[in-house]
Structures are given as C-alpha cells and as structure tokens.
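Asks: Compute the structure for the input listed below.
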Amino acid sequence: MPEATAHYEQALRIKPDFAEAHCNLGVVLMRQDKLQEAIGHYEQAVRISPANAEAQGNLGIALFRLGRIQEAIGHYEQALRIKPDFAEVHNRLGAALLQAGNIQGAIEHCQDALRIKPDYAEAHFGLANVMVQAGKVQEAIGQYEQALRIRPDYAEAHYNLGRTLLNSGKVQDAIGQFELALQIRPNYAEAHNDLGGALFNTGDVQDAIKEFEVALQINPDSADAHYNLGAALLQQGKTPEAIKQFEQALQIKPDDAEAHYALAVALEKTGKLEDAITHYEQAVRIKPGFVDAQNGLARLRAIR
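Replies: Here you go, the predicted model:
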C-alpha cells in the first residue's frame, strides 16, 4: 500500500492533471480510511475529467462514509448520467436514498442494479435492507436468501437475515443465521451481541452472557452489549454487576432511555432510591411516553 501511494504521488508530481492517478490514489487512501484525503483526490479527478463515472462514484462512496449523504447522492446521480448501466452505483445510490428517507427511490435503484446484474449479491442485500425499512418483511427475507444463494459466505447477509427473523419471532432460525455469520466472521461483535439476545429470549441466560462478553471483548464501546449483559446479570440476581454494565452503557450512550430505566430498577433493588429516582426521571425525560419508567418514578416519589 505505501508503494502504491508513492507511485501515484510520483506520477502526480510529474503530471499534476493526471485524472486517473488522482482517482487511483483516492482508492488507496480510502482503503486506509483517509477519507478526507481521498475526497481531495477524487475532486481533482472529476475537475480534470468530469465525465469519469468511476471517479464520480468513488467520490460518492467517500462522502457517504463521512455521513455527507446529500453530496454523495449528487455524485452517484452524476455517475449514472454518464454511465446509466453502472450497477454498483445504482446499488450505492439505493443505500444513500434509504439513509435520506427516500424508500421508493431506494427500491427503484436497487431494482435497477439487479436488472443490469441479476446475480449481484450486494444489490439483493441492499434491496432487502430497504424492504425491512418499508415493513415488507417477507420480501426482505427473500432478498437476503437470494443474496446468500449467490454468495453463501456473505456474513452481513446472514446477520441481517438473523435480525429480521428475530424481529419476526423466529428465534431459532435467527440463532442459526447468527451462528453462520460467526462461522464466517468470528470477530463479528454485532452478531455475538444479537446471538446473545436471541439466546436470552429462549431462556438460555448463561450462554447469552458468554456471547455478550465476547461481543465486549471485541468492541468494548458497544452500549447495546453492555446493556444486554446488564439485563442478563440482573436476571441472574447479580445486581451490583448489572449496575456496572448499565452505567457503562450510559457512559457510551447517555440518552438511552432503556438503560436509564434498567439502571433505576437495579438501583431500586439495592435500596438506592434517590439514585433510582434520578434515572427514572432521565428515562422519562428522554422518552416521555415511557409508561414503566413513569410508574417507577411515581411509586418511589410516593414513598419518598
């Protein structure tokens, strides 16, 4: 990678308006997560060669990864004006439109990608993600399954299919998909966390705890995994340990109403009523319609 960077930089010293070198250096920098530097070179490439669809598309990717969604959409659209059958850009534009809340547009571009390239696993995956947001669960499941028929080692598709199945109440099927994702990517923290959640739903609290702990070994900054581990420990009656996990979740994600509520419940169990009231209040402040938190707060205020 350093050799490639040096090669393209040398080419640009000799010929500063070499659009292809700017574009290729952008690719190298983006792989190193140097997104701002990559954007600078992609911008140079499209300034020199505005009809370069690949540079327009790559600039869209870098902007999307920085959360600059509307700018990314503009460059994806420009790439498609230049090259209308650019399947990868149709798929990426679908993902950006989904982020922007344009579900119908996202569906249309994912479908365009599949019209151009029917065996494009990533476009089936992208369309499935859109269908989840559209509430079309069975269509989403079908698209994830199609992605996996094309690419059985697609860990993200196994994971997202597992989440969709879990949300549909198909817990055992979800467990199977999370396990497949982890066979492919053993360090997939989100899959460990959600596998733990599914196991917890079956009553297998001890194995759930193991999965939450693995998730936190991989990603100690996962507020969800801290919260889930706290819930499982609380279920086992390990209240002080649960409190520590809820507190860590809130350090990472201070406006998590569920974590404030769970911490309030745990503190109430230990007799720390004033602290419990504080966290019930926080839960209600963040989520005004949180009935359980309102009830807990009213109960403790009545005995204050």
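Asks: Could you list the buried residues of the helix or strand containing Arg285?
Replies: Per DSSP states H and E: Arg285 is located in helix 273-286. By neighbour count on 16 or more other Cβ atoms under 10 Å, the buried set for helix 273-286 is 273, 275-284, 286. (C-beta placed from N, C-alpha, C; glycine too.)
Asks: quick one: the strands in the stretch 201-304 of the chain?
Replies: For the stretch 201-304 of the chain, no strands are identified by DSSP state E, counting those that start in this stretch.
Asks: Using the record's domain definitions, break the protein down for me.
Replies: As assigned by automatic domain parsing, the chain contains the domains 1-83, 85-152, 159-208, 221-304.
Asks: if we can go back for a sec, pLDDT (mean, whole number) over the helix holding Arg285?
Replies: For helix 273-286, mean pLDDT rounds to 97.
Asks: contacting residues around the helix or strand containing Glu156?
Replies: Applying DSSP H and E as the criterion places Glu156 in helix 155-167. Applying Cβ atoms under 8 Å, 6 or more residues apart in numbering, the contact partners of helix 155-167 are 121, 124-125, 128-129, 132, 137, 140-141, 144-145, 147-148, 151, 171, 173-178, 180-181, 184-185, 188, 190-191, 194-195, 197-198, 201.
Asks: Which among those residues count as buried?
Replies: Buried by 16+ other Cβ under 10 Å: 121, 124-125, 128-129, 132, 140-141, 144, 147-148, 151, 171, 173-178, 180-181, 184-185, 188, 190-191, 194-195, 197-198, out of those.
Asks: Go through those and flag which are in helices.
Replies: Using DSSP state H, 121, 124-125, 128-129, 132, 140-141, 144, 147-148, 171, 173-178, 180-181, 184, 190-191, 194-195, 197-198 are the members of those that sit in helices.
Asks: wait, Thr5 sits on Gly26?
Replies: No - counting by Cβ atoms under 8 Å, Thr5 sits too far from Gly26 to count as a contact (10.9 Å).
Asks: Please say which of the two ends up with more neighbours.
Replies: For Thr5 versus Gly26, neighbours defined as other Cβ atoms under 10 Å are more numerous around Gly26 (28 against 16).
Asks: And the helix or strand the more buried one falls within, what's buried?
Replies: Taking DSSP H and E as the definition, Gly26 sits inside helix 19-31. Across helix 19-31, burial judged by 16+ other Cβ under 10 Å covers 19-30.
Asks: Turn those residues into JSON lines, columns for distance to Asn167 and pLDDT.
Replies: Output for the buried residues of helix 19-31, formatted as JSON lines (distance: Cβ to Cβ, whole Å; pLDDT from 0 to 100):
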{"residue": "Ala19", "distance to Asn167": "46", "pLDDT": "85"}
{"residue": "Glu20", "distance to Asn167": "45", "pLDDT": "87"}
{"residue": "Ala21", "distance to Asn167": "47", "pLDDT": "84"}
{"residue": "His22", "distance to Asn167": "44", "pLDDT": "83"}
{"residue": "Cys23", "distance to Asn167": "41", "pLDDT": "87"}
{"residue": "Asn24", "distance to Asn167": "42", "pLDDT": "87"}
{"residue": "Leu25", "distance to Asn167": "42", "pLDDT": "87"}
{"residue": "Gly26", "distance to Asn167": "38", "pLDDT": "86"}
{"residue": "Val27", "distance to Asn167": "36", "pLDDT": "88"}
{"residue": "Val28", "distance to Asn167": "39", "pLDDT": "89"}
{"residue": "Leu29", "distance to Asn167": "38", "pLDDT": "91"}
{"residue": "Met30", "distance to Asn167": "33", "pLDDT": "91"}
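Asks: Fine by me, thanks again.
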